[in-house]
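> turn this into a structure:
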Amino acid sequence: MVSFRREKYVPFGGPSGGDGGKGGDVVLQASRDFNTLFELGFRRLYKGEDGEKGMAKDMIGASGKDYILKVPVGTLVFNQETAELLCDLAQDDARFIVARGGRGGRGNARFANSVRRAPRIAEKGEPGERLRLRLELKLLADVGLVGQPNAGKSTLLASVSNARPKIADYPFTTLAPSLGIVKREDFPAFCMADLPGIIEGAHAGTGLGTHFLKHIERTRLLLHLVDLGTVELSEARKAFTVILQEMREYDPAMLDKPMIVVATKMDLPSARENWPAFRTWIKRKGYTAVAISAASHDGLPKLLAKVTETLSGMKPVEVRGSTQEKLFEFLPSFGLKYLGPGKWQVSGREIERLVAMTDFGNDESIQLFKKKIQKFGFIEELSRAEAGKEDLVSIGEMEFEVGEFDL
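Prediction:
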């Protein structure tokens, strides 16, 4: 702000324009209250609040409020343009600043010196950072439910936890992972995830398979559900084998996770008939099998006892946490690019920042701008490139004639 102190008994008040406030940052915060990124798809632009303007009497404007964008725990943040992983929000309440607000412009009081006693110069605020992001979710859960579509995963989750997933008698009822908290009197509460059904070819992307398989990476224990009630025994064995093969093709390390095989729909006569042979077959493969009926709750206490027993002897899944460390490179102060006859482009963080913060409606600001821009050296580069005085040079969102720089 441009302002001068005018008070009684203060004959030489001098400049008193205060600085503007800093712009708010855009911050991602992990929260266990969210399970999906679905709602973020309805809005594409997020920005922090503008800082307040500076006031007379050297009063500094208030900083703008940060924009806190809450995302599920396990969200990976990528730079959309470079595909670089910026952070991994693997812990509840973890925060990461993805775009910083610009600093406030300086008031005319900051430009006073022994020569310039009454400056009429004030800066514009610095533009904040802009970034295009890609968010990817890998759920963190103690127990993951895997199996082919319609194996009974959602029914089991609804029976043992506070979750209420959609349940219907057709495949692919579940299109997004659901989380539920299982509470036991004799064991701390744990998180169970209902993962969408996996089909043959999932590792290659069939049926959105890669989007579903990635969630298995951060589960501690897998419950592999196999439908014994509505299919033949041979089909049940094939379904079990297909899931293992898809996990192996996607990431062989997945098969190292502890797994309990759960035979479902035991309230049906065909399931009870298939169970003895299926249990023997699973045991030969080295897995423990438990038979349940989520509809009638038969076998659920035994299953939960086995789950808690297994979890009690396991360590939490180790994942990479978020970090705000950045590597800085020493880059040239500017870059000069020839765009065609009579057109040039100058790029560089500092020089573009200078242009954006200069008030070109103020003669003193323009003179100060010309003085500062001499330090970058691009004027000499234009001269060596034999740029004409009427050639156009674009810097940021502004365009100048070469002659304006007094070559």
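> contacts, neighbours, all on C-alpha from now
Fine.
> now stretch 278-296: average pLDDT?
In this model, stretch 278-296 has a mean pLDDT of 90.
> for stretch 50-62, same thing?
86.
> ok, now stretch 71-78?
Rounded mean pLDDT across stretch 71-78 is 86.
> got the CA coordinates for that stretch in CSV?
Once non-C-alpha atoms are left out, stretch 71-78 reads as follows in CSV (Å, rounded to 0.1, in the frame of the first residue of the first chain):
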residue,chain,number,x,y,z
VAL,A,71,-8.0,-37.3,2.1
PRO,A,72,-8.1,-40.9,3.2
VAL,A,73,-5.1,-42.4,5.0
GLY,A,74,-2.9,-44.2,2.4
THR,A,75,-3.2,-41.5,-0.2
LEU,A,76,-0.3,-41.1,-2.6
VAL,A,77,0.3,-37.7,-4.1
PHE,A,78,1.9,-37.4,-7.5
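> contacts for that stretch?
Residues outside stretch 71-78 that contact it (C-alpha atoms under 8 Å, 6 or more residues apart in numbering): 28-37, 84-92, 133-140.
> how close does Arg120 get to Leu133?
Using C-alpha to C-alpha, to the nearest Å, we find Arg120 at a distance of 40 Å from Leu133.
> who's more crowded, those two?
Arg120 (21 against 18; other C-alpha atoms under 10 Å).
> which residues touch the more buried one?
Contacts of Arg120 (C-alpha under 8 Å, 6+ apart): 2, 108, 364.
> go on, Ser270?
228-230.
> which other residues reach stretch 396-407?
Counting by C-alpha under 8 Å, 6+ apart, 346-347, 352, 355-356, 370, 379-380, 383, 387-394 sit against stretch 396-407.
> mind doing that once more with 10 Å?
342-349, 351-356, 369-371, 373-374, 379-380, 382-383, 387-394 (C-alpha atoms under 10 Å, 6 or more residues apart in numbering).
> okay, it in CSV with CA atoms only?
Taking Å, rounded to 0.1, in the frame of the first residue of the first chain, the C-alpha atoms of stretch 396-407 are listed here in CSV:
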residue,chain,number,x,y,z
GLY,A,396,5.1,-14.5,-17.5
GLU,A,397,1.8,-13.0,-18.4
MET,A,398,3.3,-9.7,-19.5
GLU,A,399,4.7,-8.7,-23.0
PHE,A,400,7.3,-6.0,-23.6
GLU,A,401,9.1,-4.4,-26.6
VAL,A,402,12.8,-5.0,-26.5
GLY,A,403,13.3,-1.2,-26.9
GLU,A,404,11.7,-0.7,-23.5
PHE,A,405,14.7,-2.2,-21.8
ASP,A,406,17.0,0.5,-23.3
LEU,A,407,19.4,-1.8,-25.0
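> mean confidence for it?
On average, stretch 396-407 scores 79.
> ok now that stretch, how far from the chain's centre?
Taking C-alpha atoms, centre = their mean, to the nearest Å, one finds the center of stretch 396-407 at 39 Å from the center of the full chain.
> buried residues in that stretch?
Buried residues in stretch 396-407, counted by 16 or more other C-alpha atoms under 10 Å: 396, 401-402.
> what's the longest helix in the chain?
For the chain, the helix that runs over the most residues, judged by DSSP state H, is helix 233-250.
> just checking, next helix/strand downstream of that helix?
Toward the C-terminus, helix 233-250 is succeeded by strand 259-264 as the next helix or strand (DSSP states H and E).
> which neighbouring elements make contact with that following strand?
strand 141-146, helix 153-160, strand 219-227, helix 269-284, strand 288-291, helix 300-312 (3 or more C-alpha pairs under 10 Å, 6 or more residues apart in numbering; DSSP states H and E).
> hang on, the earlier thing: can you redo the contacts of Arg120 as a markdown table with pLDDT?
Formatted as a markdown table, the contacts of Arg120 follow (pLDDT from 0 to 100):
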| residue | pLDDT |
| --- | --- |
| Val2 | 80 |
| Asn108 | 83 |
| Glu364 | 84 |
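> can you list those in a markdown table and add secondary structure, neighbour count and distance to Val290?
Listed next are the contacts of Arg120 as a markdown table, based on DSSP: H, G, I helix; E, B strand; the rest coil; neighbours: other C-alpha atoms under 10 Å; distance: C-alpha to C-alpha, whole Å:
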| residue | secondary structure | neighbour count | distance to Val290 |
| --- | --- | --- | --- |
| Val2 | coil | 21 | 77 |
| Asn108 | helix | 24 | 77 |
| Glu364 | helix | 14 | 82 |
